[in-house]
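**Q** below is the sequence, then the predicted model.
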Amino acid sequence: MTALLSYKHRNIKGTDYGLSGENMIKIDLITGFLGSGKTTFIKKYASYLLKKGMNIGILENDFGAVNVDMMLLKELERENCELEMIAGGCDRETHRRRFKTKLIAMGMCGYDRVIVEPSGIFDVDEFFDALYEEPLDRWYEIGNVITIVDAGLEETLSAHGEYLLGSEAASAGCVVFSRAWEASAEKIRETTAHLNQAMEAIQCGRRFGEDIFCKDWESLSDKDYEMLLNCGYRTETYEKQHFDGQAFQSLYFMNTGICAENLKEAAERIMSDTDCGSVFRIKGFAGNTEGSWMELNAVREKADLCPIDAGQEVIIVIGENLVKEKIESQLNFLPDN
């Protein structure tokens with residue numbers, strides 16, 4: 001069941017609340033659906049801010065109770081870059097309170113900029129609503145909303161997934177396609193059309209085309225980063241949908257003993273086995289046969305293993321209608337009781 005209502009974001013201006021814009025903390029939201037590549041983008045975006053000499057804070061706001069992405073950002077941590085986290089696994093109102101409380105604490109740290117990375121199923125309204133409330137409205141000024149969309153986005157998502165795709169893009173100052181360098185021109189056109197269909201489905205008048213940022217992230221110039229740094233955000237009207245219950249699930253598997261090479265193969269099997277449910281993403285860490293840590297990042301199109309300095313033996317499976325027993329059998333280990 002869904003409930004529909006007309007919704008328009010309120011544009012928050014720092015100077016309206018007694019502090020000049022130059023004294024307020026700029027805050028950016030980097031959003032996007034599950035597995036779109038938000039963490040990878042943030043590593044590059046934050047590195048550019050640090051190169052400019054900024055003092056930044058990064059707030060990881062994950063769906064699940066274990067935040068793998070936080071570990072992936074550890075290499076950024078230094079004197080002028082701090083990482084904070086809000087773990088999931090709680091009800092909506094508790095999560096809202098934790099989000100606001102964390103932003104209040106971060107507002108006292110003297111940052112030039114705060115970057116918020118939410119989960120892939122984050123309600124963008126929560127970001128705007130929190131910043132409209134006291135005292136955050138006097139401390140923070142919204143800088144940018146950047147939405148990451150996988151250029152290889154699958155053709156069909158669930159109703160909830162389609163809504164998230166549209167609502168996350170509606171307010172974006174810039175939509176950035178990840179893995180565009182791996183996609184054909186035809187696939188990019190198809191994904192753009194899919195995004196526009198999602199916008200139409202939520203009755204938002206915005207449409208995308210040549211304004212989508214489709215560059216190879218490995219070769220971005222300072223000019224590219226400056227454009228992203230100043231892309232801002234949009235205020236758009238669309239119909240807000242309320243979904244009953246928790247459509248998305250996350251399953252956690254700790255201390256499995258599976259090596260990275262076998263984990264990659266298992267992830268590929270799980271992704272292709274409909275008996276496991278509708279799996280959107282598998283992420284985690286495992287040791288390889290040489291004793292080094294590897295990061296797994298699997299979506300339906302591919303599974304990648306990348307070396308990482310340190311990890312934790314954990315596997316997280318995210319999707320809809322997940323069948324734990326089937327997933328465990330594909331991982332080929334007995335679960336802890």
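**A** Looks like it came in fine. Just so it is clear, the model here is predicted, and its values are computed rather than measured.

**Q** now the strands for the stretch 151-300 of the chain?
**A** Ranges of strands within the stretch 151-300 of the chain are 174-178, 237-243, 249-254, 278-287, 293-298, based on DSSP state E, counting those that start in this stretch.

**Q** need the ones you listed in a markdown table (columns: mean neighbour count, mean pLDDT and distance to residue 100).
**A** Bear in mind the C-beta positions are built from the backbone N, C-alpha and C, glycine included. Listed next are the strands of the stretch 151-300 of the chain as a markdown table, based on neighbours: other C-beta atoms under 10 Å; pLDDT from 0 to 100; distance: least, C-beta to C-beta, whole Å:
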| stretch | mean neighbour count | mean pLDDT | distance to residue 100 |
| --- | --- | --- | --- |
| strand 174-178 | 23 | 97 | 26 |
| strand 237-243 | 17 | 86 | 20 |
| strand 249-254 | 18 | 86 | 23 |
| strand 278-287 | 22 | 89 | 27 |
| strand 293-298 | 21 | 90 | 30 |
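
**Q** buried stuff in stretch 264-277?
**A** 264, 266-271, 276-277 (16 or more other C-beta atoms under 10 Å).

**Q** now, those residues that are in helices?
**A** Members of these lying in helices (criterion: DSSP state H): 264, 266-271.

**Q** coming back round to it: out of the strands of the stretch 151-300 of the chain, nearest to residue 231?
**A** strand 174-178 (3.9 Å; C-beta to C-beta).

**Q** tell me how far that closest one lies from the chain's centre.
**A** On the basis of C-alpha atoms, centre = their mean, to the nearest Å, strand 174-178 sits 12 Å off its chain's mean C-alpha point.

**Q** mind giving me the packing neighbours of that strand?
**A** Contact analysis of strand 174-178 by 3 or more C-beta pairs under 8 Å, 6 or more residues apart in numbering; DSSP states H and E lists helix 38-51, strand 140-150, helix 185-201, helix 222-229 as its packing neighbours.

**Q** just these: most buried one?
**A** With neighbours defined as mean count of other C-beta atoms under 10 Å, the helices and strands packed on strand 174-178 peak in mean count at strand 140-150, which reaches a mean of 24.

**Q** which neighbouring elements make contact with it?
**A** Here strand 140-150 touches strand 25-32, helix 38-51, helix 124-132, helix 159-170, strand 174-178, helix 185-201, helix 222-229, going by 3+ C-beta pairs under 8 Å, 6+ apart.

**Q** is it possible to get JSON lines of the buried residues of stretch 264-277 that adds pLDDT?
**A** Shown next, in JSON lines, are the buried residues of stretch 264-277 (pLDDT from 0 to 100):
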{"residue": "264", "pLDDT": "93"}
{"residue": "266", "pLDDT": "93"}
{"residue": "267", "pLDDT": "94"}
{"residue": "268", "pLDDT": "93"}
{"residue": "269", "pLDDT": "93"}
{"residue": "270", "pLDDT": "95"}
{"residue": "271", "pLDDT": "91"}
{"residue": "276", "pLDDT": "95"}
{"residue": "277", "pLDDT": "92"}
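
**Q** okay if I get these as a markdown table plus distance to residue 207?
**A** Putting these into a markdown table (distance: C-beta to C-beta, whole Å) gives the following:
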| residue | distance to residue 207 |
| --- | --- |
| 264 | 38 |
| 266 | 40 |
| 267 | 35 |
| 268 | 35 |
| 269 | 38 |
| 270 | 35 |
| 271 | 31 |
| 276 | 36 |
| 277 | 33 |
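
**Q** of these, closest to residue 161?
**A** Once C-beta to C-beta is applied, the member of the buried residues of stretch 264-277 that ends up nearest residue 161 is residue 277, at 13.6 Å.

**Q** partner residues bridging residue 25?
**A** Taking DSSP bridges as the rule, residue 25 bridges to residue 140.

**Q** please disregard the earlier target; I meant residue 285.
**A** With DSSP bridges as the rule, residue 285 is bridged to residue 295, residue 314.

**Q** okay, now the unreliable bits of the stretch 151-300 of the chain?
**A** For the stretch 151-300 of the chain, the stretches flagged by pLDDT under 70 are 244-247.

**Q** run the last query once more with 90
**A** Within the stretch 151-300 of the chain, the ranges that satisfy pLDDT under 90 run 154-161, 240-252, 254-257, 278, 280-281, 283-284, 288-291, 297-300.
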